[in-house]
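What would the 3D arrangement of this be:
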Amino acid sequence: MSDIDPLRDLGLTQGPEGPTLRVWSASATRIDLVIDDAPHDRVVPLTRGDGDVWSATDPSLTPGRRYWLHADGPSGGGHAFDPSLELLDPYARGLGRTGRGGWQSAVVDESFDWGGVAKPRTPLDRVVVYEAHVRGLTRLAPFVPEELRGSYAGLAAEPTIEYLKSLGVTAVQLLPVHQHVDEQRLVAQGIENYWGYNTLSYFAPHTAYASRDAQLAGASAVLREFKGMVRLLHEAGIEVYLDVVYNHTAEEGADDGPITSLRGLDGSGYYRHDADGRPVDVTGCGNSIDTSTPAASRLVLDSLRYWANEVQIDGFRFDLAATLGRGADHVFDPEHPLLTAIVSDPALEGVKMIAEPWDVGMGGWQTGAFPHGWIEWNDRFRNRTREFWLTDVAAARANGLPPSGLGSFASKLSGSSNIFAHERGPLAGVGFVTAHDGFTLLDLVSYDAKHNLTNGEGNRDGTDDNRSFNHGIEGHSDNPWISDARRRSMRNLLATLFVSAGIPMLTAGDERGRTQHGNNNGYCIDSELTWVDWSDEPWQVALRDDVAALARLRAENPALRPVRFGVDGACTLSATQMSWHSASGAEMQPGEWNDAAVRTLQYLATSTPEHEAPNSVLVVVHGAETIIEVTLPTVDGVEGYEPLWSSDDRRLPDAGRPGETLSISGPTVVVYRVG
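Numbers count the residues shown, from 1 in each chain. Below is the predicted model of the structure:
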């Protein structure tokens with residue numbers, strides 16, 4: 001028996017006999033390659049070989065050539081064969097539009113001069129993620145040449161990169177850039193899928209995000225512009241992560257969805273079905289990729305390898321990643337072979353793998369359950385941080401006391417050890433307050449409810465669980481007291497993000513107070529409502545400066561970014577030794593953690609040196625709209641406290657000594673370096 005993997009080299013490869021196309025299908029009875037060879041199309045039959053891989057070699061498959069597939073096979077059982085349809089090669093590196101509005105695979109020139117530029121390989125504890133939309137980030141940017149705004153080249157423009165560096169961003173995480181299309185429902189409504197979570201091809205970059213010149217030049221130029229963006233960001237020391245949608249495709253529902261590629265080649269092998277051949281949808285998008293099959297699993301791995309190596313991508317954020325970990329029985333398994341392979345594949349060594357650890361299927365919420373090597377979005381961090389600074393404060397205004405105490409908030413500050421296994425450590429979690437999905441930071445402090453009528457769904461879409469607080473009036477307000485309270489809350493939320501253990505993620509525009517006017521589901525709006533606003537009102541400049549200061553503070557203080565969880569009574573290198581104190585300076589007592597009346601906490605974090613000099617930081621959190629007297633803790637070896645940053649924009653406290661009492665107005669975060 002041959003040891004050669006039959007699923008190797010799928011797609012178009014160059015061999016000694018010329019360009020060869022290899023396509024997998026276990027169920028097809030015939031597959032033809034059709035080559036655009038004007039004035040006539042040329043049909044080349046594919047031959048079935050080992051492992052149900054069909055192949056053909058043809059010298060005309062050179063860069064710029066268009067091609068497609070016809071496939072025939074049985075009906076029923078999840079199949080959707082139709083030999084009249086033009087199907088895309090699932091591994092095509094480029095796509096082009098047809099005059100009829102469809103798509104065809106395109107052969108691309110993959111050569112590119114990387115100029116010796118290597119991946120930054122930023123250590124996880126140094127990572128600061130900036131989630132951005134390629135078009136939305138620079139579409140309104142006055143510092144980007146007009147012809148490049150909203151494009152890959154615009155993101156890589158020197159002023160854009162300088163802006164990112166000035167914020168302290170180390171990684172740009174791009175919303176989907178695989179070629180995607182609009183859902184049929186949206187097309188019928190005359191709107192589009194702005195976010196891009198509707199993938200047509202897992203190997204081709206989205207054409208519409210390239211500059212106009214690159215689009216006109218064809219698929220090779222689009223790919224070249226994308227690679228150029230990555231190279232320029234790498235030169236600046238900024239990593240590039242891609243938001244990838246391997247859980248479903250743009251072929252939508254089996255009954256009425258378009259048949260463009262996988263479903264037409266072997267729907268039963270690529271998509272989830274029950275024993276009777278009925279679709280199993282755990283994504284809410286009409287279909288779900290069946291990663292229990294070798295071909296589907298291989299498709300995901302090959303796509304990751306391509307982007308990580310040929311395009312030099314540094315990391316991936318997996319949309320609805322729980323779907324990828326479901327077995328043939330559709331049940332999530334943390335030891336699923338694909339989840340394990342993604343973080344153990346030598347070809348993906350050093351690549352950051354970030355899971356959105358849920359889907360909409362049974363047992364879909366899996367935060368903390370992914371295997372070692374994975375990083376996960378920490379939705380519990382998001383929820384409790386919002387509650388502490390927003391809904392708790394709102395409840396205290398209404399009822400005199402918030403509904404809960406400090407305990408769960410403190411666990412989020414220190415890395416969520418109650419969620420992530422000890423061996424995975426705090427860097428298994430991405431902390432975030434906002435993301436593309438939900439309120440912007442400004443809207444989080446300006447609206448109690450969503451305002452999504454613009455989406456055309458009667459305000460039914462988008463979550464109602466916002467954990468937001470409008471501070472007294474819904475929407476925009478010129479009342480200076482309300483504006484000041486909102487801006488203080490934004491600073492508190494941002495401070496919590498940057499001083500907490502774990503990996504911080506900032507959403508593009510939040511550092512500038514971007515608003516969507518209460519729309520918490522802007523997936524279908526490609527306009528100024530969802531683009532980053534580059535106006536520079538004084539308060540926006542101040543907020544941006546606060547973000548840059550917090551990122552710098554985090555970088556300079558390793559006590560805020562531990563690599564490991566500590567163990568009581570033991571010295572764990574690259575962990576943080578923690579002590580917790582009340583407003584009186586005394587150690588927190590067991591009964592205080594869940595006492596709703598206790599809203600003040602002092603968190604003393606001391607690094608355990610491994611690669612950096614020793615460091616200690618004191619974070620004072622006061623989560624009430626009151627003035628409180630805080631006594632700085634008296635701790636062995638501590639001689640003084642130097643104030644570094646405060647969310648009270650009126651003043652930075654004076655330096656203090658252990659046992660000294662300071663007056664702090666709230667709600668507030670104050671950060672001190674301990675000497």
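
Quick test: name the residue nearest the centre of the chain.
Central residue of the chain (C-alpha atoms, centre = their mean): Arg317, 4.7 Å from the mean position.

With just CA atoms, put the helix or strand it falls within into PDB.
Element membership for Arg317 (DSSP states H and E) is strand 315-318. Output for strand 315-318, consisting of C-alpha atoms alone and laid out as PDB, is shown next (Å, rounded to 0.1, in the frame of the first residue of the first chain):
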ATOM      1  CA  GLY A 315      -2.800  34.300  13.000                       C
ATOM      2  CA  PHE A 316      -6.400  33.300  12.500                       C
ATOM      3  CA  ARG A 317      -9.600  34.100  14.400                       C
ATOM      4  CA  PHE A 318     -12.100  31.200  13.700                       C
END
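
which other helices and strands contact that strand?
Under the contact criterion of 3 or more C-beta pairs under 8 Å, 6 or more residues apart in numbering; DSSP states H and E, the helices and strands touching strand 315-318 comprise strand 171-174, strand 239-244, strand 352-355. C-beta: built from backbone N, CA, C; applies to glycine.

how about a cut-off of 10 Å?
If contacts are counted by 3 or more C-beta pairs under 10 Å, 6 or more residues apart in numbering; DSSP states H and E, strand 315-318 sits against strand 129-132, strand 171-174, strand 239-244, helix 294-305, helix 337-344, strand 352-355, strand 375-377.

and it, which strands flank it?
strand 239-244 (parallel), strand 352-355 (parallel) (DSSP bridges).

Could you tell me the angle between the longest one and helix 294-305?
For strand 239-244 against helix 294-305, the angle by axes from the mean of the first three to the mean of the last three C-alpha atoms, to 10 degrees is 150 degrees.

Go through strand 239-244 and flag the buried ones.
Glu239, Val240, Tyr241, Leu242, Asp243, Val244 (16 or more other C-beta atoms under 10 Å).

and those residues as TSV, adding distance to Leu339?
Output for the buried residues of strand 239-244, formatted as TSV (distance: C-beta to C-beta, whole Å):
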residue	distance to Leu339
Glu239	22
Val240	23
Tyr241	18
Leu242	18
Asp243	18
Val244	14
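
And the strands in the stretch 51-200 of the chain?
For the stretch 51-200 of the chain, strands defined by DSSP state E, counting those that start in this stretch occupy the ranges 53-57, 66-72, 94-97, 103-106, 129-132, 171-174.

Out of those strands, which gets nearest to Arg460?
Smallest distance to Arg460 across those (C-beta to C-beta): 25.5 Å, for strand 129-132.

Looking at the record's assignment, how would you partition this protein?
In terms of domains, the chain is parsed into 1-293, 570-674 (source: automatic domain parsing).

State the mean pLDDT of the longest one.
Per-residue confidence for domain 1-293 averages out to 96 on the pLDDT scale.

Over to stretch 418-430?
Averaged across stretch 418-430, pLDDT comes to 96.

Off-centre distance for that stretch?
Average the C-alpha atoms of stretch 418-430, do the same for its chain, and the two points are 18 Å apart (C-alpha atoms, centre = their mean, to the nearest Å).

and what of stretch 45-64?
With C-alpha atoms, centre = their mean as the basis, the mean position of stretch 45-64 lies at 36 Å from the chain mean.

Any idea how far apart the tips of that stretch sit?
Separation of the first and last residues of stretch 45-64 by C-alpha to C-alpha, to the nearest Å is 21 Å.

Now it: buried residues?
In terms of neighbour count (16+ other C-beta under 10 Å), stretch 45-64 has its buried residues at Leu46, Arg48, Gly51, Asp52, Val53, Trp54, Ser55, Ala56, Thr57, Asp58, Leu61, Pro63.

what's across from the nearest residue to the second one once chain neighbours are set aside in the sheet?
Distances taken as C-beta to C-beta, 6 or more residues apart in numbering put Trp54 closest to Arg48, at 5.2 Å, once the chain neighbours are dropped. The partner list for Trp54 in beta bridges (DSSP bridges) reads Val23, Arg48.

from what I can see Trp54 touches Ser27, true?
No - proximity of Trp54 to Ser27 does not meet the contact threshold set by C-beta atoms under 10 Å, at 11.4 Å.

Please enumerate the shared neighbours of the two.
Among the neighbours of Trp54, those also in contact with Ser27 (C-beta atoms under 10 Å, 6 or more residues apart in numbering) are Ala71, Leu265.

Relative to Phe420, which of the strands of the stretch 51-200 of the chain is closest?
Nearest to Phe420 among these is strand 129-132; the distance by C-beta to C-beta comes to 17.2 Å.

neighbouring strands for that closest one, and are they parallel or not?
Looking at strand 129-132 with DSSP bridges, its paired strands and their directions are strand 171-174 (parallel), strand 503-507 (parallel).

Mind putting these into TSV with distance to Ala548 and mean neighbour count?
Compiled in TSV, the strands paired with strand 129-132 are given as follows (distance: least, C-beta to C-beta, whole Å; neighbours: other C-beta atoms under 10 Å):
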stretch	distance to Ala548	mean neighbour count
strand 171-174	16	25
strand 503-507	11	26
